[in-house]
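In: okay, predicted coordinates and the sequence, questions at the end:
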Amino acid sequence: MKKKLKPLFVRIDEELYEKIKLLVVKKFGRNYWGGLREVVEEALRIYIASHDPQVDVPQQLQNIRPNNPPPKVHRVYLEVRHILRTQFGVLKEATYSQLARAIALVRGTDKRTIRKWINLFLAYHCIKHIGGVVYELL
């Protein structure tokens, strides 16, 4: 079954247009308009997947980084990272207990608070779970 295509007319910056035109010609050769359609469709899929969690994300797009964390999450992460570096000497990897102590100094000692902030840091890719009780600071 043939895909039904809809026209989309937009105006973009001339410099951006020239860059994308060069990339499309390199990748697709003479098939400029068909290649441009594929590039624009892929860019739109990535944009939609990064902004709408309800959309079924294709397998190749599942590892894209979400939008920047909200300002509050980013601010707390920077404070926690500063404490980890100054008080614990942690530069790249921290254990759960080190993270928990740093979060306790910044936001409070309640276990639910600590768990909440670790989950937020993981969700917004501020930290990455490496294995066991070790997390990488990103």
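Out: Nice, thanks for sending it over. Numbers count the residues shown, from 1 in each chain.
In: kindly list the longest helix within the protein.
Out: Using DSSP state H, we find that the single longest helix of the chain is helix 32-51.
In: just the buried residues of the helix or strand just after that helix, please?
Out: Once helix 32-51 ends, the next helix or strand along the chain (criterion: DSSP states H and E) is helix 71-87. By 16 or more other CB atoms under 10 Å, the buried positions in helix 71-87 come out as 73, 76-77, 80-81, 83-84. For the C-beta atoms, the positions are set from N, CA and C on the backbone; glycine is no exception.
In: quickly name whichever of these is closest to R37.
Out: V73 (36.9 Å; CB to CB).
In: not counting sequence-adjacent ones, nearest residue to that closest one?
Out: With sequence-adjacent residues excluded and distances taken as CB to CB, 6 or more residues apart in numbering, V73 is closest to L120, at 5.2 Å.
In: flag the shaky bits of this protein, pLDDT-wise.
Out: Within the chain, the ranges that satisfy pLDDT under 70 run 1, 50, 52-67.
In: could you chop it up by domain?
Out: 14-61, 71-137 (automatic domain parsing).
In: buried deepest among these, which one?
Out: Neighbour counts (mean count of other CB atoms under 10 Å) averaged over each of the domains of the chain peak at domain 71-137, with a mean of 15.
In: now do the end-to-end distance for that one.
Out: 18 Å (CA to CA, to the nearest Å).
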